[in-house]
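**Student:** no letters, just coordinates:
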């Protein structure tokens, strides 16, 4: 009877020790799997981001085939006022929105578009690693009272201004070792790219969002909270707005980037240097390192360790943020006169 009683009371549950062991195993396995999942997702996002730039490269090449030159990313009058985005001119060379933006509308001032025109672009202009809002509300632009309003689609890809940060009425006056493929009223052709299309950057990542602060002036290292940047963050870049901050905007308390970026400062510098034109010195083509009064934001990417860049031959490659600064700068110029750099060791 005793043996039968003992047998009937056999327990089949887990002991406390066994439960603890199971929990520990789950935690360990989770700790191993979760980073791998996040890493796999980031690899996928980086790949999509790269493909986006390839699609934009195709559009740029189609544009060049049709117009025999690349577009001016920003167009302006002689005083560098009323700056407009050149991106609408690219839309005619895509299957997206071409029915809404006829070539005759290329010169429409950005402030005269309707709100619905500027609120969204198309998915390939937004890197999937972007963590900000899209469309994004810009209270400062809204305060200017233009018809377009203050809500805009964001682009996370910006054009290469080269290795300098000067803004002036004659970009051809910028020194060869600083001049990039894009600038104000600047139409580059393939034949102008003497450094070789496979060694010349046309575009790169210009991210924004909660991870990116903004500061004022070359070499700045501390975020600069202002009236219109209360958290000291870099505003999302509206695709349709070509305007570039002047000293008056900065004095009002608004810091921002633009549709262009420079390699003067290291990639992924955070806080990002703001972009600003000194409106009283539009004939001064000197970079700030040479005493010039202007400044241009750096390229920046959410991808760990570097960023994606589009080259003039249409290829897109990942450049490490550890790249030597002189080489990084040479890759962003179209005719620095120093020959084709050796870049295989720094590019994917």
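**Tutor:** On my side now, so go ahead. As the structure is a prediction and not an experimental result, all values here were calculated from the model. Residues are numbered from 1 along each chain as shown.
**Student:** could you use CA atoms for every contact and neighbour count after this?
**Tutor:** Noted.
**Student:** tell me the spacing between residue 127 and residue 45.
**Tutor:** Noted for residue 127: a distance of 8 Å to residue 45, by Cα to Cα, to the nearest Å.
**Student:** so what does the longest helix along the chain touch, helix or strand wise?
**Tutor:** For the chain, the longest helix by residue count, based on DSSP state H, is helix 16-67. Applying 3 or more Cα pairs under 8 Å, 6 or more residues apart in numbering; DSSP states H and E, one finds that helix 16-67 contacts helix 87-91, strand 306-311, strand 316-320.
**Student:** what's the mean pLDDT across the first one?
**Tutor:** Meaning helix 87-91. What helix 87-91 shows for mean pLDDT is 82.
**Student:** and that helix, how far out from the chain middle?
**Tutor:** Put simply, helix 87-91 sits 17 Å off its chain's centre (Cα atoms, centre = their mean, to the nearest Å).
**Student:** just the buried positions in the helix or strand following that helix, please.
**Tutor:** Once helix 87-91 ends, the next helix or strand along the chain (criterion: DSSP states H and E) is helix 115-118. Neighbour-count burial for helix 115-118 flags 115, 117, 118 (criterion: 16 or more other Cα atoms under 10 Å).
**Student:** on that earlier part again, ok, then the element right after the longest helix of the chain?
**Tutor:** Helix 16-67 is succeeded, C-terminally, by strand 74-75 (DSSP H and E).
**Student:** tell me what that following strand is packed against?
**Tutor:** By 3+ Cα pairs under 8 Å, 6+ apart, strand 74-75 packs against strand 84-85.
**Student:** ok, residues contacting the strand it packs on?
**Tutor:** 73-76, 107-110, 239-243 (Cα atoms under 8 Å, 6 or more residues apart in numbering).
**Student:** most neighbours among those, which one is it?
**Tutor:** In terms of neighbour count, residue 73 stands highest of the contacts of strand 84-85 at 27 neighbours, by other Cα atoms under 10 Å.
**Student:** which non-adjacent residue is nearest it?
**Tutor:** residue 86 (4.4 Å; Cα to Cα, 6 or more residues apart in numbering).
**Student:** returning to that earlier point: so which of the helices and strands packed on helix 16-67 has the densest surroundings on average?
**Tutor:** Mean neighbour counts were compared across these using mean count of other Cα atoms under 10 Å; the top stretch is strand 306-311, at a mean of 25.
**Student:** return the list of strands paired to that strand, each annotated with direction.
**Tutor:** strand 201-205 (antiparallel), strand 316-320 (antiparallel) (DSSP bridges).
**Student:** next SSE after the last one?
**Tutor:** Scanning forward in sequence from strand 316-320 by DSSP H and E, the next helix or strand is helix 325-331.
**Student:** now for that following helix, which elements pack on it?
**Tutor:** So helix 325-331, by 3+ Cα pairs under 8 Å, 6+ apart, packs with no helix or strand.
**Student:** what does that helix contact?
**Tutor:** The contact list for helix 325-331 (Cα under 8 Å, 6+ apart) reads 162-163, 177-178, 199-201, 263-266, 336, 341.
**Student:** if you rank those residues by neighbours, which is first?
**Tutor:** residue 162 (31 neighbours).
**Student:** so what pLDDT did the residue nearest to residue 109 when sequence neighbours are not counted get?
**Tutor:** In space, and not counting its chain neighbours, residue 109 is closest to residue 84: 5.8 Å by Cα to Cα, 6+ apart. If you check residue 84, the pLDDT there is 84.
**Student:** same deal with residue 242?
**Tutor:** In this model, residue 242 carries a pLDDT of 87.
**Student:** pretty sure it contacts residue 257?
**Tutor:** No: Residue 242 is beyond contact range of residue 257, at 10.6 Å (criterion: Cα atoms under 8 Å).
**Student:** distance between stretch 300-311 and the chain's centre?
**Tutor:** Counting by Cα atoms, centre = their mean, stretch 300-311 comes out at 9 Å from the chain centroid.
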